[in-house]
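Chemist: Next comes the sequence, and after it the predicted model I'd like to discuss.
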Amino acid sequence: MTSHVASAQPKRRASPRLGIVLAAIAVVCLTALAVAVVRMELELTAPAFALIDPPRPDIRDDLHPEMVVIPSQSGANLAGWFVNGRPGGGAVVLMHGIKANRMSMVRRARLLHENGFSVLLFDFQAHGESGGTRITVGHLEALDARAAVEFVRRRLPDERVGAIGASLGGAAALLGPGPLPVDALVLEAVYPDVERALANRLRLVLGPNGANIAVPVLMPVFELFAPAVIGVWPSQLRPIDQIAEVTAPVLVIAGSNDRRTTLKETRELFARAREPKYLWVVEGADHVDLEAFAPDEYRRRVLPFLDRLRRSPQPEAR
């Protein structure tokens, strides 16, 4: 019998060129994603100016707003409308969301004014008709919120003052030197920290699978460029760290289907608040205008909460 000895087959070595090509592709992909994050950051913080005055005839006839200009330590002069209510009826400062302006608060202003409250609607810096150069996701807007509350306290020294903040407006109520010094606070769809707010928006763009891969890589890019874009580190934009300092009663409102500020995140924010505190989950609502989504329920829940601002009996609703 003839024996056959198998000859050893030489092992193929991976081509060094292939490794270089793969590394180059990875660098290009990561660079493209990083550019996309910076672009998203710049788009998110770009000013949202709009011409609003004079008010529409229906606003003028219903609210009789007085045009006011409020200096803010943010460096901007804030454009707003002041609506006088019934003496002793309380006052409420309305604070809009990102890329919006005081027009988004008109429905709330009508509801409150019909029930005797005085109301201030204003545009945050870099929004509407206010000054400013760039939206700062709550950093400078917190100074605007404080200036607005101080304006109302000077204008109505005998009234209790509350505030309603939607999304960015709610974050502004909690950030800055400290939470707003108000007698009642309504927070609608407020992000707990800016990192998760951005990550949630990336998930909407990239989908859950793409986000699971991209977000851990891209968030350091966001954190690196944040001081240059918005003036502070993301660690300074954490409403969840400051809500415990609110001494006024708090009503937290959230949409059950909100994908920009998830219900889980809202519950975490709510858990940090002091008593007395109340949580209302609006079933079926995404990150939308919650008053417009559920107006009747909004009236039933928010007006009684704000009754604590009154110094005299509640007027009959029209």
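Modeler: Yes, it's here.

Chemist: any chance you could map the strands in the chain?
Modeler: Taking DSSP state E to define them, one finds strands in the chain at 48-49, 66-71, 77-83, 91-95, 118-122, 127-128, 161-166, 184-188, 250-255, 277-282.

Chemist: Kindly report the domain assignment for this protein.
Modeler: Domain assignment for the chain, taken from automatic domain parsing, gives 18-45+197-225, 50-192+237-309.

Chemist: Any idea how far apart the tips of the longest one sit?
Modeler: Domain 50-192+237-309 has its terminal residues 32 Å apart, counting by CA to CA, to the nearest Å.

Chemist: Okay, now the unreliable bits of the protein?
Modeler: The chain contains residues with pLDDT under 70 at 1-15, 19, 21-38, 312-318.

Chemist: give me that answer again for 90
Modeler: Applying pLDDT under 90 to the chain flags residues 1-44, 53, 177, 195, 198-199, 201-231, 312-318.

Chemist: Show me the longest helix that occurs in it.
Modeler: The longest helix of the chain (DSSP state H) is helix 194-230.

Chemist: could you say what helices and strands that helix packs with?
Modeler: The helices and strands touching helix 194-230, judged by 3 or more CB pairs under 8 Å, 6 or more residues apart in numbering; DSSP states H and E, are helix 16-45. For the C-beta atoms, the positions are set from N, CA and C on the backbone; glycine is no exception.

Chemist: looking at the domains of the chain, which is buried most?
Modeler: With neighbours defined as mean count of other CB atoms under 10 Å, these peak in mean count at domain 50-192+237-309, which reaches a mean of 20.

Chemist: returning to that earlier point: in JSON lines, list the domains of the chain along with distance to residue 231.
Modeler: Below are the domains of the chain laid out as JSON lines (distance: least, CB to CB, whole Å):
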{"stretch": "domain 18-45+197-225", "distance to residue 231": "10"}
{"stretch": "domain 50-192+237-309", "distance to residue 231": "6"}
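
Chemist: ok, back up a step: residue 199: which of the strands of the chain is closest?
Modeler: Of all the strands of the chain, strand 250-255 sits nearest to residue 199, with 17.5 Å by CB to CB.

Chemist: what lines up beside the closest one in the sheet?
Modeler: strand 184-188 (parallel), strand 277-282 (parallel) (DSSP bridges).

Chemist: Could you export the longest one as PDB, keeping only the C-alpha atoms?
Modeler: This means strand 277-282. Once non-C-alpha atoms are left out, strand 277-282 reads as follows in PDB (Å, rounded to 0.1, in the frame of the first residue of the first chain):
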ATOM      1  CA  LYS A 277     -47.100  66.900  44.000                       C
ATOM      2  CA  TYR A 278     -49.500  65.500  41.400                       C
ATOM      3  CA  LEU A 279     -49.000  63.500  38.200                       C
ATOM      4  CA  TRP A 280     -51.400  63.500  35.300                       C
ATOM      5  CA  VAL A 281     -50.700  61.100  32.400                       C
ATOM      6  CA  VAL A 282     -52.600  62.200  29.200                       C
END
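
Chemist: what's that strand in contact with?
Modeler: Under the criterion CB atoms under 8 Å, 6 or more residues apart in numbering, residues 249-256, 263, 266-267, 270, 290, 293-294, 297, 301, 305 lie in contact with strand 277-282.

Chemist: Recalculate using a threshold of 10 Å.
Modeler: Surrounding strand 277-282, the residues in contact under the criterion CB atoms under 10 Å, 6 or more residues apart in numbering are 185-189, 243, 246, 248-258, 263, 266-267, 269-271, 273, 288, 290-291, 293-294, 297-298, 300-302, 305.

Chemist: Chain neighbours aside, what residue packs nearest to the residue nearest the centre of the chain?
Modeler: Centroid-nearest residue in the chain, with CA atoms, centre = their mean: residue 168, separated by 2.2 Å. Taking CB to CB, 6 or more residues apart in numbering as the measure, residue 168 lies nearest to residue 98, with 4.1 Å between them; neighbours along the chain are not counted.

Chemist: With residue 86 instead?
Modeler: Using CB to CB, 6+ apart and skipping residues adjacent in sequence, the residue nearest residue 86 is residue 116, 4.0 Å away.

Chemist: and what of residue 155?
Modeler: Here the nearest residue to residue 155 in space, its sequence neighbours aside, is residue 82; by CB to CB, 6+ apart that works out to 6.9 Å.
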